[in-house]
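> Can you look at this prediction? I've put the sequence above it.
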Number of protein chains: 2
Amino acid sequence: MTGSTEASGRRPRTDKQRNRMHLLQVAEQHFSEHGVASSLEAIAKRAGVGAGTFYRHFPSREALIAALLQARADDLVVRRDAIRQQERDTTAALALWLDALSEWATAFDGLPEPLRAAATEDSSPLALTCQGYITTTDEFLHAAQRDGGARPGIRGRDLFLSVLAMSWVRGAAMADESSPQALSALMRTGWATSH
Amino acid sequence: MTGSTEASGRRPRTDKQRNRMHLLQVAEQHFSEHGVASSLEAIAKRAGVGAGTFYRHFPSREALIAALLQARADDLVVRRDAIRQQERDTTAALALWLDALSEWATAFDGLPEPLRAAATEDSSPLALTCQGYITTTDEFLHAAQRDGGARPGIRGRDLFLSVLAMSWVRGAAMADESSPQALSALMRTGWATSH
DNA sequence: CAACATACGGAGGGTGGCTCCGTTTTCCAA
DNA sequence: TTGGAAAACGGAGCCACCCTCCGTATGTTG
């Protein structure tokens, strides 16, 4: 994936690769501690790198987030495939997939915000990622709808956005123990059929 | 309400009142155009007022938002009372109230964000406002639950947060025509009983 | 119309995003 | 091995924004 958009014949310089890796590690740590809205300069400094270098690697906050999520994409694909193979009940499968998505969307504090933006703006580095997961959601959803486990008239996009919304609320409702659970249940009742 | 927390005997200076009114008008306009996350300095400048004056009137963005919402509080109270009197079906009443809340929460772009924060942090100027509406939601909800129109095990707080979440998503899903509707339906299905 | 309280203005300090360009490092070919 | 072109780096610097502080101006009251 490194240098995917570069058409040049020469492979990237080693110091570049090294810096990129290091920045990603530091960013992962920093975002885990302070959320994705925290200072990018702080990350650069913590990585012992100039601001210029940082922005050359990741031109925007979203680009950095996209790069970090890339690493977790594999996990999600694995879970998706595991659900597909192990869970024959399409309704349960959809529920499991939404759980996985929800977990993914709360990997960092404040993550739902840029994800929501990316789900509508095509120009974001995160847009492609979101689009992929929306499609996957659509697949699970269609299967469940075909089997009568999910209401018709709902689209994958709606469910994806709902997951983001619930994850967004969860970030605030942490103080309250039971709200996240209640909200998940409410959402599930929303898409599932009533038997 | 003006000067509610001031215990002084003397009434506020006229220029202060004038500035406050003017700032509120300008802020209303500016937030309507650019959302509640836009620059406060811009509002001060647009109002022809120094930064100091601005912050003396509204020490924080949240304080300004709270003041702006204060004006709309009357509307909501009127709607609440109208629903209580005119709608005898408690389930429909709850639905109407949630619609009203949803409209309120989307008065400005980006409003759900500070509202969510206020719903959990007591120290916010918005906290009291949110708490009041949560209580009202609880009242409508309890009535509906008593009549079997809403599922048990849900709390007003959960519904309030759900409304915020849906409003939050709506801000992004605008490009898409049907998503808001789909999400509202999904949420309603979530709290209503199935008959 | 003092003189006192109150409010105003805007300079200025701090933070953070992002750019630009002189310097350094890497790499490859001779 | 080495010369030099290409690629990256570093951080000074600019801009936008938040917010505070204090000298100045303006109401207010006796």
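Done, it's in.
> how about the CA coordinates for the helix or strand that residue A:134 is a member of, as CSV?
Using DSSP states H and E, residue A:134 sits within helix A:127-146. Coordinates of the C-alpha atoms in helix A:127-146 are reproduced here as CSV (Å, rounded to 0.1, in the frame of the first residue of the first chain):
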residue,chain,number,x,y,z
ALA,A,127,-14.5,8.3,2.0
LEU,A,128,-13.3,5.1,0.3
THR,A,129,-13.0,3.3,3.5
CYS,A,130,-16.5,4.3,4.6
GLN,A,131,-18.0,3.5,1.2
GLY,A,132,-16.5,0.0,1.5
TYR,A,133,-18.1,-0.7,4.8
ILE,A,134,-21.4,0.8,3.7
THR,A,135,-21.4,-1.7,0.9
THR,A,136,-20.6,-4.6,3.2
THR,A,137,-23.4,-3.5,5.5
ASP,A,138,-25.7,-3.4,2.6
GLU,A,139,-24.8,-7.0,1.8
PHE,A,140,-25.5,-8.2,5.3
LEU,A,141,-28.6,-6.2,5.4
HIS,A,142,-30.0,-7.5,2.1
ALA,A,143,-29.4,-11.0,3.2
ALA,A,144,-31.3,-10.4,6.4
GLN,A,145,-34.1,-8.7,4.6
ARG,A,146,-34.4,-11.5,2.2
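> Excluding chain neighbours, what is closest to residue A:66?
residue A:125 (4.0 Å; CB to CB, 6 or more residues apart in numbering or on different chains). Heads up, the C-betas are built off the backbone N, CA and C, glycines and all.
> picking up where we left off before, any buried residues in the next helix-or-strand element following the helix holding residue A:134, and which?
With elements assigned by DSSP H and E, the helix or strand that comes after helix A:127-146 is helix A:156-173. For helix A:156-173, the buried set under the neighbour-count rule, 16 or more other CB atoms under 10 Å in any protein chain shown, comprises A:156-173.
> Counting by contacts, list what helix A:156-173 packs against.
Here helix A:156-173 touches helix A:90-105, helix A:112-120, helix A:127-146, helix A:179-191, helix B:112-120, helix B:156-173, helix B:179-191, going by 3 or more CB pairs under 8 Å, 6 or more residues apart in numbering or on different chains; DSSP states H and E.
> Could I get these in CSV, plus columns for distance to residue B:84 and mean pLDDT?
CSV is the format used below for these (distance: least, CB to CB, whole Å; pLDDT from 0 to 100):
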stretch, distance to residue B:84, mean pLDDT
helix A:90-105, 36, 95
helix A:112-120, 34, 94
helix A:127-146, 38, 96
helix A:179-191, 24, 81
helix B:112-120, 23, 94
helix B:156-173, 15, 89
helix B:179-191, 19, 81
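> Now residue A:157: closest residue in space that isn't a chain neighbour?
Nearest one to residue A:157, counting by CB to CB, 6+ apart, is residue A:134 at 5.3 Å.
> Make sure residue A:112 is actually in contact with residue A:162.
No. When contacts are counted by CB atoms under 8 Å, residue A:112 is not listed as touching residue A:162 (11.2 Å).
> Which residue would be the closest one in chain A to DNA strand D?
In chain A, the residue found nearest to DNA strand D is residue A:52; the distance is 1.9 Å by CB to the nearest atom of the strand.
> just checking, that residue is part of a helix?
Yes. The assignment for residue A:52 by DSSP: H, G, I helix; E, B strand; the rest coil puts it in a helix.
> Counting neighbours, what do you get for it?
Look at residue A:52: counted by other CB atoms under 10 Å in any protein chain shown, it has 9 neighbours.
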